[in-house]
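K.L.:
What shape does this take:
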Amino acid sequence: MQVESWKEPLLKLPLDELKKAQCFVSDLIQSLETLHATTEEPIVVFPPEDPIKIEERRRDKRFDMEIEGVCSVVKKQESEAPKESPIIIKDISKRGLRFITNQSFMPSDVLVVTFQLPSKMVSGAIYKNPLKKVYVEIRRIMELPTPAGIKYDVGAQSIESERVIELAKEEENQAQVNKRLALKGETKILVVSIKEAHAKHLEDILLKQGYVVYKVNQKQQAIASLRKSKFDIVISDIDTSRINEFELLKDIKMEFPYVGLIVEIDTIDDWKNILSLGVNNYLTKNFNDEEFTIILESVQKKLLYKSMFGVDFKKSRLDGLNILVLSKKEVLRNLLCSASKEKGLKLYFVDDTTRALTVLKRHKIDFITVDAEITGREGCQLLMNIKKDFPHIETIVISKNLQERCDFLVGGTDNFIVEPIESREILAVLC
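P.N.:
Alright, predicted model coming up:
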């Protein structure tokens, strides 16, 4: 049988050199596939990854192997996935490991990987304990079509056991917050408005949903009520809040910093004026009932994290966030790139939903911003699916249209930004 010329040098290599060649070829294929995919599906990353760091990873000392193991899920984006999956470990380095599996995972899934080292690696007391257990967080997944079906080549980064304990605690905290959110009768809301009909409308909505509601029409009555009884959230309108240069908002935040503040605004300039006054969120004029409900629950959730666990859930994760942006707007890109330099954000810019899904499969994403102008209903469906499959990813929609925003919010979107886009507003939403 004639051997192709390129194979002849490989036939002369010893086994250990062949394994190194196999590792090199696997990395080369992965790099070429990624480059090919990038050419077909342009994805702009900011700041771009340093080529020197990539080369350092390539030179990182690896232990090539082909041994069986089992991975147990600590934190899984898709809750219906099995708790344990068999894997074939291909190589290990100080940074993490690479394995092949039949189970579909997603970036940012956290796993405990257990495996038995072969006898040749434990001889001579190199490793005293042949049974190894390592904690990893998935960073990238490659699909490998085989005659037996799709397999997945998974790259995972090592994390400390203390981080796994933190994640388990975070999951427990999330469950507690969700339970508290369901008990709306324990949440007391104060409506402050000089517009009697408007205040009555808000009161009716809140009472139907099971909240405890009180309403007043003056700042002095509001402060007296807050001193007399502990309220969780205060809702006001911009006309009432604006009296005496926003005296109501200033005094509430000064004396009752733990209270959530929601203000109904007329224009985006109103929001700019109250950003520095500690307002947690805003409602736009002629808001929809569904929009109101979702904004209210968003503020309530943030307050619960503070009161129950002493942390601001979003702020604790702000530095180093990975943000996926689905938009063609240059102004948005410039604003976020500027924020990235200050906050250390990693940004992935795409211009359609297909490319957005590609990024989700390849990278760990914490935050997604979708421009409704270029996605329409498709973007709404995307965020609905993301909320189902990636419940820990926070989502924002950018839209001029009230009904469009409501459609996104009803579909599960966490928050919204009304155009024109301002840097202070983007940072306020991220925070």
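K.L.:
pretty sure V44 is touching R355, no?
P.N.:
No - contact between V44 and R355 fails when scored by CB atoms under 8 Å: they sit 10.0 Å apart. For glycine as for every other residue, the C-beta is placed from the backbone atoms N, C-alpha and C.
K.L.:
And those two? Which one has more around it.
P.N.:
Taking neighbours as other CB atoms under 10 Å, V44 and R355 compare with R355 leading, 19 against 13.
K.L.:
What strand or helix carries that one?
P.N.:
If you go by DSSP states H and E, R355 is part of helix 353-362.
K.L.:
quick one, phi psi at the closest residue to E422 other than its chain neighbours?
P.N.:
The shortest distance from E422 to any non-neighbouring residue, by CB to CB, 6 or more residues apart in numbering, is to K272 (6.5 Å). Phi and psi for K272, reported as degrees, to the nearest 10, are phi -60, psi -40.
K.L.:
can you offset everything so residue one is 37?
P.N.:
Sure, I'll start counting at 37 from here, so that last one is K308.
K.L.:
domain assignment for this protein?
P.N.:
Domain ranges of the chain: 97-194, 218-345, 351-466, per automatic domain parsing.
K.L.:
With mean pLDDT added, can I get those in a markdown table?
P.N.:
Output for the domains of the chain, formatted as a markdown table (pLDDT from 0 to 100):
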| stretch | mean pLDDT |
| --- | --- |
| domain 97-194 | 76 |
| domain 218-345 | 88 |
| domain 351-466 | 80 |
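K.L.:
what does stretch 214-232 rub up against?
P.N.:
Outside stretch 214-232, the residues within contact range by CB atoms under 8 Å, 6 or more residues apart in numbering are 235, 238-239, 242, 245-255, 257-258, 261-262, 265-273, 275-276, 279, 284, 332-333, 336-337, 340, 344.
K.L.:
what about 7 Å?
P.N.:
By CB atoms under 7 Å, 6 or more residues apart in numbering, the residues outside stretch 214-232 that reach it are 235, 238-239, 242, 245-253, 258, 261-262, 265-273, 275-276, 284, 333, 336-337, 340.
K.L.:
I'd assumed K364 was in a strand, is it?
P.N.:
No - per DSSP: H, G, I helix; E, B strand; the rest coil, K364 lies outside any strand segment and is coil.
K.L.:
residue contacts, it?
P.N.:
By CB under 7 Å, 6+ apart, the residues touching K364 are 387, 410.
K.L.:
Any idea which residue is closest to the centre of this structure?
P.N.:
D402 (2.3 Å; CA atoms, centre = their mean).
K.L.:
Which phi and psi values does that residue adopt?
P.N.:
phi -100, psi -30.
K.L.:
what does L219 give?
P.N.:
Main-chain torsions, L219, degrees, to the nearest 10: phi -90, psi 70.
K.L.:
How many residues are close by it?
P.N.:
9.
K.L.:
so how far is I298 from it?
P.N.:
20 Å (CB to CB, to the nearest Å).
K.L.:
can you check V228 too?
P.N.:
For V228, the distance to I298 - CB to CB - is 11 Å.
K.L.:
Who has more neighbours out of those two?
P.N.:
Set side by side, V228 and I298 show more neighbours around V228, with 26 against 22, by other CB under 10 Å.
K.L.:
Roughly how far does the more buried one sit from S343?
P.N.:
Distance from V228 to S343, by CB to CB: 21 Å.
K.L.:
what about the longest strand in the chain?
P.N.:
Ranked by residue count, the top strand of the chain under DSSP state E comes out as strand 167-182.
K.L.:
So which elements touch that strand?
P.N.:
strand 132-137, strand 146-152, strand 185-194 (3 or more CB pairs under 7 Å, 6 or more residues apart in numbering; DSSP states H and E).
K.L.:
Buried ones in that strand, by neighbour count?
P.N.:
170-178 (16 or more other CB atoms under 10 Å).
K.L.:
Can you give the strand pairings for it, parallel or anti for each?
P.N.:
Taking DSSP bridges as the criterion, strand 167-182 forms sheet pairs with strand 146-152 (antiparallel), strand 185-194 (antiparallel).
K.L.:
what's the angle between it and strand 132-137?
P.N.:
50 degrees (axes from the mean of the first three to the mean of the last three CA atoms, to 10 degrees).
K.L.:
who's in contact with strand 167-182?
P.N.:
Residues outside strand 167-182 that contact it (CB under 7 Å, 6+ apart) are 66, 69, 132-133, 141-153, 186-195, 197, 200, 397-398, 400.
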